[in-house]
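Peer 1: Provided below are the primary sequence and the corresponding predicted coordinates.
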Amino acid sequence: MQIEPEYRTKIRTYVTEHKVRPVETREKIVIGQPVPREVELEAVPADWGPSLTKYRYVYSGERVMLVDPSTRTVVQEID
């Protein structure tokens, strides 16, 4: 999945402007692994681009992790 640079910038700006709180987890949240059950998945805002709205996201360790909501698996990392 390719995320255009302009959307990456929008995503970073969003996280900063909305003061999105990073989630704290014992295990590191990484690509290809499911997000722990206790972590709430956030809806992706429409202005992150139409290709991303089917995902949810988690903010962890200064990175936005895109998550497939059906499997809770991290599919992409945006730093």
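Peer 2: Done, it's in. Numbers count the residues shown, from 1 in each chain.
Peer 1: Contacts made by the lowest-mean-pLDDT helix or strand in the chain with the rest, please.
Peer 2: Ranked by mean pLDDT, DSSP states H and E, the helix or strand of the chain with the weakest confidence is helix 5-17, at a mean of 93. Contact with helix 5-17 is made by 3, 20, 45, 47, 48, 49, 52, 59, 64, 78, as judged by Cβ atoms under 8 Å, 6 or more residues apart in numbering. From N, CA and C alone the C-beta is placed, and that goes for glycine too.
Peer 1: quick one: that helix to chain centroid distance?
Peer 2: 11 Å (Cα atoms, centre = their mean, to the nearest Å).
Peer 1: and what of stretch 12-21?
Peer 2: The mean C-alpha position of stretch 12-21 is separated from the chain mean by 12 Å, Cα atoms, centre = their mean.
Peer 1: what do you get for stretch 61-77?
Peer 2: With Cα atoms, centre = their mean, you get 5 Å for stretch 61-77.
Peer 1: List the contacts of residue 40.
Peer 2: Contacts for residue 40 (Cβ under 8 Å, 6+ apart) come out as residue 23.
Peer 1: Check the contacts of helix 5-17 for burial and list the buried ones.
Peer 2: 3, 48, 49, 52, 59, 64, 78 (16 or more other Cβ atoms under 10 Å).
Peer 1: of those, closest to residue 28?
Peer 2: Residue 28 lies nearest to residue 59 out of the buried ones among the contacts of helix 5-17, by Cβ to Cβ, at 13.6 Å.
Peer 1: Look up the closest residue to that closest one, ignoring the ones flanking it.
Peer 2: Excluding the flanking residues, the one nearest residue 59 by Cβ to Cβ, 6 or more residues apart in numbering is residue 20, at 4.7 Å.
Peer 1: per-residue confidence at that neighbour?
Peer 2: Looking at residue 20, its pLDDT reads 94.
Peer 1: can I assume it is in contact with residue 60?
Peer 2: No. Counting by Cβ atoms under 8 Å, residue 20 does not reach residue 60; the two are 10.3 Å apart.
Peer 1: Wait, a strand at residue 58?
Peer 2: Yes. Assessed by DSSP: H, G, I helix; E, B strand; the rest coil, residue 58 belongs to a strand.
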